[in-house]
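Peer 1: sequence first, predicted coordinates after that:
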Amino acid sequence: MTDEIHRDTLQQCLQLWGIQGAEVSLAAQRENTVFRINSGGRAFALRLHRPGYRSMGELQSELQWMAHLNANGLGTPEPLASIDGSYCHEINGTIVDVLEWLEGKP
């Protein structure tokens, strides 16, 4: 993905999740491209999934499972629903989602 596509995709993500004006920095670029988003004293991981690697259904299932585990006391990165209540969207051919940022060391 080019930097221009990243910028456009990031802007659309921030709008969909209602976090415009946030501080954005690249955290990792491996299987997924991950950005750290700082907004209102909170931090999030915005994931841009590699096109064709996982389907929308697979990712929605993963995020629903993580939300369920988190709600029942098992500490996982909590998925953040977008303004319309969805956990993930497709933008410019890339599936994107946002999770709570958990501090740690790789």
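Peer 2: Perfect, I can see it now.
Peer 1: what packs against the helix or strand bottoming out on mean pLDDT in the chain?
Peer 2: When the helices and strands of the chain are scored by mean pLDDT, DSSP states H and E, helix 3-16 comes last with a mean of 83. In this structure, helix 3-16 makes packing contacts with strand 32-39, strand 42-49, strand 88-91, strand 94-100, judged by 3 or more CB pairs under 8 Å, 6 or more residues apart in numbering; DSSP states H and E. Glycine gets a C-beta too; all of them are placed from N, C-alpha and C.
Peer 1: so it versus strand 94-100, what angle?
Peer 2: Relative orientation of helix 3-16 and strand 94-100, computed by axes from the mean of the first three to the mean of the last three CA atoms, to 10 degrees: 50 degrees.
Peer 1: next SSE downstream of helix 3-16?
Peer 2: Heading C-terminal from helix 3-16, the first helix or strand you meet, by DSSP states H and E, is strand 23-29.
Peer 1: that next one pairs with which strands, parallel or anti?
Peer 2: strand 32-39 (antiparallel) (DSSP bridges).
Peer 1: same question for the strand it pairs with, mean pLDDT?
Peer 2: Averaged across strand 32-39, pLDDT comes to 93.
Peer 1: over to stretch 98-106?
Peer 2: pLDDT averaged over stretch 98-106 gives 87.
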